[in-house]
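K.L.:
3D model of this:
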Amino acid sequence: MKTKGSMTCAMSLLLLVIISLLAACIQSSRVSCARAQAANAMGAAMYSLFAQYDRDLLEDYHLFFLDSGYGDSRPNLAQVIAQTETFALPILSSGLTNCELDTCGITGFRLASDGKGEAVKAQILRYMKDNLGTKGIQLIKDRFNQNVEAMEEQEEIQEGGLEEAPIEEEVPMEDISPSNNPLEIIENIRSHGFLGLVLPDGGTVSEKSVEAESLLSFRELEQGMGALPLSQGKSAVTDKLLIQEYILDSLSFYTQESHPGPLEYQVEYVLGGKDTDRENLQYVVNRLLLIREASNIAFLYTDPQKRAELQACASALSLLLLIPEGMTLVQGVLAAGWAYIESICDVKTLLSGGKVPLTKDNGSWKTHLNHLSTEDASSASAGLDYRDYLFLLLSFSSEDRLTFRCMDMMEQNIRAKEGRANFSFDACLDAVSMNFLISGPEGQQWQGERFYTYDM
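P.N.:
Residues are numbered from 1 along each chain as shown. Model (predicted):
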């Protein structure tokens with residue numbers, strides 16, 4: 001027996017509603033999936049773009065920047081946009097959503113050179129803090145403060161002057177004669193220039209140079225666009241010290257050739273800002289002589305034995321020159337000259353890789369007043385080496401100057417690599433804000449903006 005079935009109109013209408021509702025849900029899901037896919041494409045495109053960070057900058061200097069020049073010395077924003085679109089398209093075209101990228105444009109970007117290298121400075125500080133830790137930073141701070149206090153104390157002693165002794169109370173120093181006149185020896189040494197005297201035995205000076213116009217600090221720079229946020233914390237007292245330490249770790253100097261480039265004395269360039277190695281070394285040596293003279297004069301003024309030698313020699317010279325009433329003047333000139341000769345020996349020791357204590361004692365004093373010579377460059381068992389003195393000299397410059405001149409040398413060093421002749425910091429991106437216009441599967445249009453930066 002066969003059973004006949006039938007469907008009422010009401011059931012048919014209900015089924016039609018259910019099918020329509022199901023179709024609407026499917027379509028809504030498709031649109032929602034397309035929206036999610038569009039958002040994912042924008043984020044992935046920006047992430048993929050910044051994954052092309054400059055490998056040389058990262059490996060040599062621990063910095064993350066995107067070289068937007070792509071082989072040129074100027075930012076190629078059209079190429080940046082093209083790269084972003086290339087990374088977004090595979091994600092948009094996958095699946096059943098059929099999304100399309102209509103337009104993509106840059107609404108803002110920040111270059112490494114903007115704001116006197118503020119992005120570079122922020123990355124340097126982050127790297128140094130992560131690398132050194134709290135204890136390492138505190139150690140650098142304590143050591144620096146100790147050295148600064150010693151230098152300030154020596155300057156006060158120098159400003160206080162030297163107590164003079166009546167000539168009739170002094171026994172003239174032996175061995176002082178017309179052929180062994182310390183004042184003439186000092187004058188003769190001064191007249192020969194200091195650079196040749198402080199070089200180690202057999203040492204030479206690099207004659208390398210760069211064109212000043214090619215340096216970041218001297219040329220007209222490209223500029224970023226828009227006010228993009230930079231997550232800088234509160235400025236700390238140790239920030240500048242960390243930049244100083246980074247410079248010494250990242251660049252070459254006279255006693256340490258670690259990063260080959262157009263200039264050999266790169267830290268000396270940061271200090272001197274000249275376009276030749278010779279001029280930069282001269283600048284640094286002159287500053288070192290000033291520091292050492294202040295320290296050596298302070299020791300001469302306070303050590304009883306050295307004061308007695310000064311007075312005895314001044315007495316002998318005043319009698320030799322037949323100006324007994326001029327002992328006071330002779331003693332002052334003699335002290336300055338003796339400190340200068342000792343300073344030359346100190347700097348020679350530093351350039352030879354030795355150590356010189358910031359505050360002298362009888363054990364670390366090298367020269368003898370009755371036989372002045374710049375030949376003694378023996379190293380003390382304790383004290384500061386050339387790197388430590390460079391650290392002190394760097395402290396006299398501003399953070400901005402240190403950062404920008406350091407960027408000069410990093411840029412030049414990378415340009416010296418094969419295929420990188422056009423590398424420029426003012427073509428390196430640190431942050432970009434981009435606007436996307438995307439069409440959905442049913443003709444919808446979605447606009448989105450994404451911001452990406454290495455400053456995380």
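K.L.:
Could I get the full set of helices for this protein?
P.N.:
Applying DSSP state H to the chain gives helices spanning 9-50, 55-61, 77-92, 114-160, 182-191, 195-198, 239-250, 266-272, 277-302, 304-320, 327-351, 386-394, 399-415.
K.L.:
To residue 357, which of those helices lies closest?
P.N.:
Each of the helices of the chain was checked against residue 357 via CB to CB, and the shortest separation belongs to helix 277-302, namely 8.5 Å. For the C-beta atoms, the positions are set from N, CA and C on the backbone; glycine is no exception.
K.L.:
buried sites along that closest one?
P.N.:
For helix 277-302, a neighbour-count test (16 or more other CB atoms under 10 Å) marks 277-285, 287-289, 291-301 as buried.
K.L.:
Next, the angle from it to helix 386-394.
P.N.:
Helix 277-302 and helix 386-394 meet at an angle of 90 degrees, taking axes from the mean of the first three to the mean of the last three CA atoms, to 10 degrees as the criterion.
K.L.:
what angle sits between helix 277-302 and helix 327-351?
P.N.:
Direction vectors for helix 277-302 and helix 327-351, defined by the same axes, to 10 degrees, enclose an angle of 130 degrees.
K.L.:
okay, the angle between helix 277-302 and helix 304-320?
P.N.:
Using the same axes, to 10 degrees: helix 277-302 against helix 304-320 is 100 degrees.
K.L.:
who's in contact with the nearest residue to residue 64 once chain neighbours are set aside?
P.N.:
Once its chain neighbours are removed from consideration, residue 64 has its nearest residue in residue 454; the separation is 4.0 Å (CB to CB, 6 or more residues apart in numbering). Contacts here follow CB atoms under 8 Å, 6 or more residues apart in numbering; on that basis residue 454 touches 50, 53, 64-65, 119, 123, 430-431.
K.L.:
where does residue 454 land on pLDDT?
P.N.:
Predicted confidence (pLDDT) for residue 454: 90.
K.L.:
Low-confidence bits of the protein, can you list those?
P.N.:
Per-residue confidence for the chain (pLDDT under 70) gives these ranges: 1-7, 23-31, 95-96, 162-172, 232-234, 321-328, 456.
K.L.:
just checking, residue 307 touches residue 298?
P.N.:
No. Here residue 307 lies out of contact with residue 298, judged by CB atoms under 8 Å, at a distance of 12.0 Å.
K.L.:
thinking again about what came up before, against residue 293, how distant is the residue nearest to residue 64?
P.N.:
For residue 454, the distance to residue 293 under the criterion CB to CB, to the nearest Å works out to 45 Å.
K.L.:
same check, this time on residue 17
P.N.:
Distance of residue 17 to residue 293, computed by CB to CB: 98 Å.
K.L.:
repeat for residue 262
P.N.:
Taking CB to CB as the measure, residue 262 and residue 293 are separated by 33 Å.
K.L.:
so who does the nearest residue to residue 360 once chain neighbours are set aside touch?
P.N.:
Distance criterion CB to CB, 6+ apart; nearest residue to residue 360, sequence neighbours excluded, is residue 299 at 4.3 Å. Under the criterion of CB under 8 Å, 6+ apart, the contact list for residue 299 reads 306, 359-361, 365.
K.L.:
Weed out the non-buried ones from the residues you listed.
P.N.:
Judged by neighbour count, with 16+ other CB under 10 Å as the criterion, the buried members of the contacts of residue 299 are 306, 359-360, 365.
K.L.:
In those residues, find the pair that's most separated.
P.N.:
Farthest apart among the buried ones among the contacts of residue 299 by CB to CB are 306 and 359. That separation is 13.6 Å.
K.L.:
what comes up buried for stretch 174-181?
P.N.:
Buried residues in stretch 174-181, defined by neighbour count with 16+ other CB under 10 Å: 176, 181.
K.L.:
Can you tell me what sits against it?
P.N.:
By CB under 8 Å, 6+ apart, the list of residues contacting stretch 174-181 reads 182, 313, 316-317, 320, 370-371.
K.L.:
what does stretch 222-233 give?
P.N.:
Defining contact as CB under 8 Å, 6+ apart, one finds that stretch 222-233 is touched by 74-75, 106-111, 113-114, 118-119, 122, 424, 426-427, 431, 433, 451, 453, 455-456.
K.L.:
For it, which residues meet the burial criterion?
P.N.:
Using 16+ other CB under 10 Å, the residues of stretch 222-233 that count as buried are 222, 224-225, 228, 230.
K.L.:
Distance from the chain centre to it, please.
P.N.:
For stretch 222-233, the gap between its own C-alpha mean and the chain's C-alpha mean amounts to 20 Å (CA atoms, centre = their mean, to the nearest Å).
K.L.:
cool, and stretch 447-456?
P.N.:
For stretch 447-456, the separation from the chain centroid amounts to 27 Å (computed by CA atoms, centre = their mean).
K.L.:
What number of residues are in the vicinity of residue 120?
P.N.:
26 (other CB atoms under 10 Å).
K.L.:
Quick check: closest non-adjacent residue to it.
P.N.:
By the measure of CB to CB, 6+ apart, the closest residue to residue 120 outside its immediate chain neighbours is residue 112, 5.4 Å from it.
K.L.:
which residues touch that neighbour?
P.N.:
65, 119-120, 407, 425-426, 428-430.
K.L.:
before we move on, what about residue 267?
P.N.:
Residue 267 is in contact with 247-248, 251-253, 390, 394, counting by CB under 8 Å, 6+ apart.
K.L.:
now swap in residue 71 and tell me
P.N.:
Residues counted as contacts of residue 71 (CB under 8 Å, 6+ apart) are residue 422.
K.L.:
The one 3 residues further on now?
P.N.:
Neighbouring residues of residue 74 by CB under 8 Å, 6+ apart: 222, 424, 427.
K.L.:
excluding its backbone neighbours, what's nearest the second one?
P.N.:
So the one you mean is residue 424. Excluding its sequence neighbours, the residue lying closest to residue 424 (CB to CB, 6+ apart) is residue 73, at 4.4 Å.
K.L.:
Measure how buried that neighbour is and give me the count.
P.N.:
For residue 73, the neighbour count with other CB under 10 Å is 15.
K.L.:
so how far is residue 217 from it?
P.N.:
From residue 73 over to residue 217 (counting by CB to CB), the distance is 16 Å.
K.L.:
Hmm, residue 107 is touching residue 449, no?
P.N.:
Yes. Between residue 107 and residue 449 there is a contact under CB under 8 Å: 6.6 Å.
K.L.:
how close does residue 251 get to residue 225?
P.N.:
Residue 251 sits at a distance of 31 Å from residue 225 (criterion: CB to CB).
K.L.:
just residue 392 next, same as before
P.N.:
As for residue 392, its distance to residue 225 is 40 Å (criterion: CB to CB).
K.L.:
do the same with residue 383
P.N.:
Taken as CB to CB, the span from residue 383 to residue 225 is 51 Å.
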